[in-house]
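[1] Sequence first, predicted coordinates after that:
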Amino acid sequence: MKKILLTTLLMTGGAYANMHLAPPDFDHSSGRAVFVDFKTAEYNITYDIDRELTTVKTRIVFESSNTGNPVFDLIPYPQSIKIDGRVSKQQEISFPGGLSRLRQLSAVVSPGTHILEMENEIYANVSFNNAFGVVSSAFWIRDLKDRMLLEQYIPSNFEFDQYQMTFNVKFKGVNEARQDFYTNGKVTKISPVDYKIEFPEYYTVSCPYFHLTPKGYMRRLDFTYPSISGKDIPVTVYSPWKSRTRKMKPIAIQVLKELEADYGAWGHPSLVAYGTMVGTGGMEHSGATATSLGALDHEMLHSYFAKGVMPANGNSGWIDEAIASWRDKGYQRNPSPGFGGSNLGEHSIYKRNTDDRAYSLGAAFMAYLDYRLQNLGGLKAFLKGYFQTYKHQVVTTQHLKNNIEFFSGINLDEEFNTYIWGFTTTDTERLIEKNPNHAPLTKEQLQSII
Ligand SMILES: [Zn+2]
């Protein structure tokens with residue numbers, strides 16, 4: 001199904017009512033699995049420093065369009081589940097085709113607004129230092145692997161959905177929290193041990209950046225960047241090393257200049273960049289990144305494409321890696337994509353992660369589109385308008401194609417049907433390469449950088 005028309009986005013009612021982008025509901029032996037629209041999610045996260053325990057109490061307000069058993073995801077085991085105040089159970093089930101898993105409530109809901117509550121513990125990427133009464137914790141994410149977005153830590157919806165998230169962070173076992181927060185949300189101190197972090201309502205499950213460290217643990221530089229919008233953008237660069245942090249500042253400024261010149265004003269309230277070890281690549285969030293120095297520019301580009309204009313699902317994830325990789329390679333322009341065909345955007349509708357051939361094949365396809373659009377200022381001219389029009393919105397491959405066709409007047413059916421929605425031909429093999437900007441890290445490596 002590739003018939004999501006340009007006008008669909010304009011005709012939806014609520015600001016971020018994205019149900020038209022949800023995968024189809026499906027029948028399971030345990031009941032009809034229905035995707036729902038999260039409106040708000042409040043996460044009460046408690047770091048119990050004495051017990052070295054991290055717990056979350058969640059309250060989600062969601063809307064269901066259909067009758068059935070709502071689905072969501074969470075890797076840790078959820079407990080004390082309530083739906084509209086009534087106790088419910090859940091179970092982990094497979095998506096049709098078995099390519100990923102998710103959780104389904106035992107309770108059946110009817111169309112309308114509902115409240116879902118549950119509790120869980122967080123185990124990943126958290127480390128207590130009992131002697132000093134401090135904690136390190138990070139909600140790192142990865143999008144090339146399955147189930148590595150916020151569901152690793154807190155109950156979450158799938159990438160199609162945008163909803164307002166709030167973290168109420170509490171520290172138990174200390175009289176005063178001696179912690180630093182690095183985040184792309186708005187931090188408010190409520191008490192010496194209570195903080196509230198509010199994220200913008202356009203965020204999806206791959207947008208929030210949350211890194212908690214002992215106070216003074218990182219070397220940080222705070223400054224403002226005068227955006228072409230006229231606003232001063234608050235920028236924080238930090239790392240464990242003074243020299244690394246110092247190197248990050250001029251790069252961040254230079255890349256902001258370049259990206260604003262190419263695609264327009266920075267689309268987020270701030271920029272937060274964490275410099276990690278050499279060769280570890282990085283991961284992008286909205287106006288934030290944890291990245292090695294060498295990938296900082298690549299990850300900042302993603303604040304435009306990936307976390308500015310955002311992919312609805314695994315089949316749209318190739319778009320932003322293709323654009324970022326096309327930029328990494330110096331914005332090449334080629335009269336041919338140079339490969340026979342691929343199915344970058346034609347996997348199961350339930351696929352959640354990005355096809356990692358996007359770096360090579362996707363970038364080559366962008367170089368070809370740039371050639372086709374050369375009389376109109378090239379692909380960059382299109383992307384600038386695309387970003388300005390659809391920033392903070394969730395898009396699909398079909399949406400991108402419709403808009404390029406509208407911009408250029410060129411019919412691209414054959415091109416997309418061959419190179420994106422086609423069959424992978426053997427001659428594509430020679431183009432496939434691993435991208436250093438998103439090196440796969442082990443669980444131990446991810447833990448080591450908190
Ligand atoms: Zn990337």
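    That came in fine, so what should we check first? Residues are numbered from 1 along each chain as shown.

[2] Poorly predicted segments of this structure, please.
    1-15, 434 (pLDDT under 70).

[3] Nearest to the ion: which residue in it?
    Distances between the chain and the ion by CB to the ion are smallest at Ala324, namely 4.4 Å. Any C-beta I mention is one placed from the backbone N, CA and C, and that applies to glycine too.

[4] how far away is the closest residue to that residue other than its chain neighbours from Trp421?
    For Ala324, ignoring the flanking residues on the chain, the nearest one in space by CB to CB, 6 or more residues apart in numbering is Leu301 at 4.8 Å. Taking CB to CB, to the nearest Å as the measure, Leu301 falls 25 Å from Trp421.

[5] go on, Val193?
    Distance of Val193 to Trp421, given as CB to CB: 53 Å.

[6] ok, back up a step: the helix or strand encompassing the residue of the chain closest to the ion - contacts with which helices or strands?
    Applying DSSP states H and E as the criterion places Ala324 in helix 317-328. Using 3 or more CB pairs under 8 Å, 6 or more residues apart in numbering; DSSP states H and E, the elements in contact with helix 317-328 are helix 296-301, strand 309-311, helix 361-372, helix 397-408.

[7] Of those, which is nearest Asp146?
    strand 309-311 (14.7 Å; CB to CB).

[8] how about the strands of the stretch 201-350 of the chain, start to end?
    For the stretch 201-350 of the chain, applying DSSP state E, counting those that start in this stretch gives strands covering 210-214, 219-226, 232-239, 271-275, 282-285, 288-291, 309-311.

[9] TSV for these, including distance to Gly68?
    Below are the strands of the stretch 201-350 of the chain laid out as TSV (distance: least, CB to CB, whole Å):
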stretch	distance to Gly68
strand 210-214	32
strand 219-226	47
strand 232-239	43
strand 271-275	39
strand 282-285	32
strand 288-291	35
strand 309-311	26
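
[10] Make a markdown table from these and add mean neighbour count and distance to the ion to it.
    Listed next are these as a markdown table, based on neighbours: other CB atoms under 10 Å; distance: least, CB to the ion, whole Å:
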| stretch | mean neighbour count | distance to the ion |
| --- | --- | --- |
| strand 210-214 | 22 | 19 |
| strand 219-226 | 14 | 22 |
| strand 232-239 | 20 | 19 |
| strand 271-275 | 25 | 14 |
| strand 282-285 | 26 | 6 |
| strand 288-291 | 26 | 10 |
| strand 309-311 | 27 | 12 |
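
[11] my read: Val56 touches Tyr47, true?
    No. Using CB atoms under 8 Å, Val56 is not in contact with Tyr47; the gap is 10.5 Å.

[12] More neighbours: which of those two?
    Tyr47 (26 against 21; other CB atoms under 10 Å).

[13] So which bits of the stretch 201-350 of the chain are right by the ion?
    For the stretch 201-350 of the chain, the residues in contact with the ion (CB under 5 Å from the ion) are 321, 324.

[14] mind running it again at 8 Å?
    Within the stretch 201-350 of the chain, the positions lying close to the ion (CB under 8 Å from the ion) are 282, 284, 295, 298-299, 301-302, 306, 320-321, 324-325.

[15] quick one: which of the residues you listed is nearest Phe210?
    Nearest to Phe210 among these is Glu284, at 14.3 Å by CB to CB.

[16] right, and Ala381 touches Gln374 too?
    No. At 9.8 Å, Ala381 and Gln374 do not qualify as touching, with contact defined as CB under 8 Å.
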